[in-house]
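In: Below is the sequence, then the predicted model.
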Amino acid sequence: MCGRFMQILFVHNNFPAQFRNLVQVLSTMRDVRIAAIGCETASSIHGVELHRYRTPAATADAHPFARRFDHECRRAEQVLYAATALADSGFTPDVIVVHPGWGENLSLRAVFPKARIIAYCEFFYRSEGADVGFDPEFPSIGLDGHVALQLRNAASLIALTDSDAGISPTFWQKSTFPEAFKSKIEVIHEGVDTTIFKPNLDTYFMLPSGKKLTLSDDVLTYSARSLEPMRGFHIFMRAVPRVLKARPQAQVLIVGADGVSYGAQPPNAPSWKAALLHELGEAIDPQRVHFLGRLPYGDYLKVLQISRAHVYLTYPFVLSWSLLEAMSAGCAVIASDTAPVREVINGQNGLLVPFFSPEALSDAIANVLGEPKRFLAMRKAARETVKAQYDSNVCVPKLLDLIRGNLTSDADLAAGAR
């Protein structure tokens, strides 16, 4: 490798996504050339040569079982064009890091046969023991649904076959993958920037109404990418009326988009927010329950920093960044007793409650809101957990070691650090 740049290619439709912290460190190193392939939503990072492709239109021509894989193949075709252009420009990656969840991995081995490929193993779909069938409130997906679910893993299986190594952010997420491939997968979280997500006793958040909230207020917070059952939004909303009654001064701040990121839309409403507001009616006081939508990171951070009690609920599924961000910000977290949350929350750094009990959730929230001094040690322990295990300064060196171990020569990344 001496005498030329070491070349690393990242492939993720929404680049940098999970790779942000790793890429930012790599971009400061001499003798490292970084390229990335993503779709229209991909973001530029200084020092990275980004190639965007146009997301192909879905088609209804394919068999229903094959529609997802057909669309993944169409994405792979776009990635093929971008990868070929990179190869023609002289870029020959030593290592490729790719998220296979959208089929973008399918053409990489053909273009770069000598590259070492590291697959980001986020989740392997299965019909039991995870999100499917977990919530009895929603109907079974049926035989056709189970077949379609199995076929969702096609691109991931090909990636696991093609890859030289894998990364999974939690031990439980790794456990969802087939036994035959687990020896390839290392558990390394992508990391949280604890220098950004940290407590700030002096901050405040202004509601759209102009009301100013601080840490001295009775503030309950909930955050998810989208407000949907997969992240326990229906359970949280059903707990809110009891909280409002028990804590007359409480203000509830809800961060997240109205659509869905993982599950299905409600059958008789435009969104789960609309469905739950219809269900709960006047029990939800709009003067005290505030839907903030998706916030800029600075405002989102302020919401966490003024939170007296923060709720995180999830089906057994991918662990959200928001849980670790809330813990890093020093929140008193009340979380669902589900995998992989149990991997992070242990009772000392946060509270676990049964997922399906709005009553247990509301009681825990009321206790935390009512006795904030009692939970100061828990807040501190939450941040210490993230700093010790999930800080980007802990995780990124492990990822760099994985890349080093997959180089095709004895090149030393550390020697390139500025």
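Out: Perfect, thanks for sending it. On a predicted model such as this, the values are computed, not experimentally measured, just so you know.
In: if I pick V353, what's in contact with it?
Out: Shown in contact with V353 (CB atoms under 8 Å, 6 or more residues apart in numbering): 334-337, 360-361, 364. (Glycine included, C-beta is placed from N, CA and C.)
In: So it versus L361, what's the distance?
Out: 5 Å (CB to CB, to the nearest Å).
In: what sits in contact with each of these two?
Out: Contacts common to V353 and L361, judged by CB under 8 Å, 6+ apart, are I334.
In: mind checking the end-to-end distance for stretch 112-130?
Out: 35 Å (CA to CA, to the nearest Å).
In: any idea which helix is longest in this protein?
Out: helix 67-88 (DSSP state H).
In: what does the helix or strand following that one contact?
Out: In the C-terminal direction, the helix or strand that comes right after helix 67-88 (DSSP states H and E) is strand 95-98. Applying CB under 8 Å, 6+ apart, the contact partners of strand 95-98 are 7-12, 19, 22, 104-105, 108, 112, 115-120, 159, 403, 406-407.
In: and with 6 Å instead?
Out: 8-11, 105, 108, 115-118, 403, 406 (CB atoms under 6 Å, 6 or more residues apart in numbering).
In: sec struct for the nearest residue to F181 once chain neighbours are set aside, please.
Out: Nearest non-adjacent residue to F181, counting by CB to CB, 6 or more residues apart in numbering: L160, 4.5 Å away. Here L160 is recorded as helix under DSSP: H, G, I helix; E, B strand; the rest coil.
In: Just flag the most distant two among the contacts of strand 95-98.
Out: Distance extremes for the contacts of strand 95-98: the farthest pair is N105 and I403 at 17.0 Å, using CB to CB.
In: what about the strands in the stretch 251-400 of the chain?
Out: In the stretch 251-400 of the chain, the strands defined using DSSP state E, counting those that start in this stretch lie at 251-257, 289-293, 309-312, 333-336, 351-353.
In: and among the ones you listed, the most buried is which?
Out: strand 309-312 (a mean of 29; mean count of other CB atoms under 10 Å).
In: List of residues touching it?
Out: 220-222, 236, 323, 326, 331-335, 365, 368-369.
In: pLDDT averaged over the host helix or strand of Q150 - what is it?
Out: Using DSSP H and E, Q150 falls within helix 142-151. Mean per-residue pLDDT for helix 142-151: 89.
In: With stretch 353-362 instead?
Out: The model assigns stretch 353-362 a mean pLDDT of 98.
In: quick one: buried residues of it?
Out: Neighbour-count burial for stretch 353-362, counted by 16 or more other CB atoms under 10 Å, picks out 353, 355, 357-358, 360-362.
In: Out of those, which two are the most distant from each other?
Out: Counting by CB to CB, the most remote pair of these is F355 and S362, 13.7 Å apart.
In: residues bridging contact with those two, i.e. touching both?
Out: If you check F355 and S362 against CB under 6 Å, 6+ apart, no residue is contacted by both.
In: and L361, what is it in contact with?
Out: 239, 353.
In: what about it, distance to G293?
Out: Taken as CB to CB, the span from L361 to G293 is 23 Å.
In: Next: A388.
Out: 33 Å.
In: neighbour-wise, which of N105 and I403 wins?
Out: N105 (27 against 20; other CB atoms under 10 Å).
In: How about the secondary structure of that one?
Out: coil.
In: Verify the contact between it and A159 for me.
Out: Yes. Shown here, N105 and A159 form a contact pair, counting by CB atoms under 6 Å, at 4.3 Å.
In: okay, the strands of the stretch 251-400 of the chain in TSV with distance to K182 next?
Out: Formatted as TSV, the strands of the stretch 251-400 of the chain follow (distance: least, CB to CB, whole Å):
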stretch	distance to K182
strand 251-257	33
strand 289-293	39
strand 309-312	27
strand 333-336	26
strand 351-353	26
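In: Helices of the chain, start to end?
Out: Using DSSP H, helices in the chain cover 20-26, 67-88, 108-111, 142-151, 154-162, 171-175, 233-246, 272-280, 297-305, 321-328, 358-370, 376-389, 392-405.
In: Would you tell me which one of those is buried the most?
Out: helix 321-328 (a mean of 25).
In: For it, C-alpha coordinates in CSV please.
Out: What follows is helix 321-328, C-alpha atoms only, in CSV (Å, rounded to 0.1, in the frame of the first residue of the first chain):
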residue,chain,number,x,y,z
TRP,A,321,-29.9,6.3,18.2
SER,A,322,-32.4,8.4,20.2
LEU,A,323,-32.1,6.2,23.2
LEU,A,324,-28.4,6.6,23.5
GLU,A,325,-28.6,10.3,22.7
ALA,A,326,-31.1,10.8,25.5
MET,A,327,-28.9,8.9,27.9
SER,A,328,-25.9,10.8,26.9
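In: where's the closest residue in space to A283 that isn't next to it in sequence relative to S271, distance?
Out: Leaving aside its sequence neighbours, A283 sits nearest to P241 (CB to CB, 6+ apart; 3.8 Å). Taken as CB to CB, the spacing of P241 relative to S271 amounts to 19 Å.
In: and what of H71?
Out: 24 Å.
In: Next: V187.
Out: Counting by CB to CB - V187 and S271 are separated by 35 Å.
In: Ok, F15 next?
Out: 28 Å.
In: Over to E40?
Out: 24 Å.
In: With V79 instead?
Out: For V79, the distance to S271 - CB to CB - is 32 Å.
In: Ok, L151 next?
Out: For L151, the distance to S271 - CB to CB - is 28 Å.
In: And Q348, by the same measure?
Out: For Q348 relative to S271 (CB to CB), the value is 36 Å.
In: Please name the nearest non-neighbouring residue to E228.
Out: V260 (4.6 Å).
In: now do E384
Out: Per CB to CB, 6+ apart, closest to E384 is N349, 7.5 Å.
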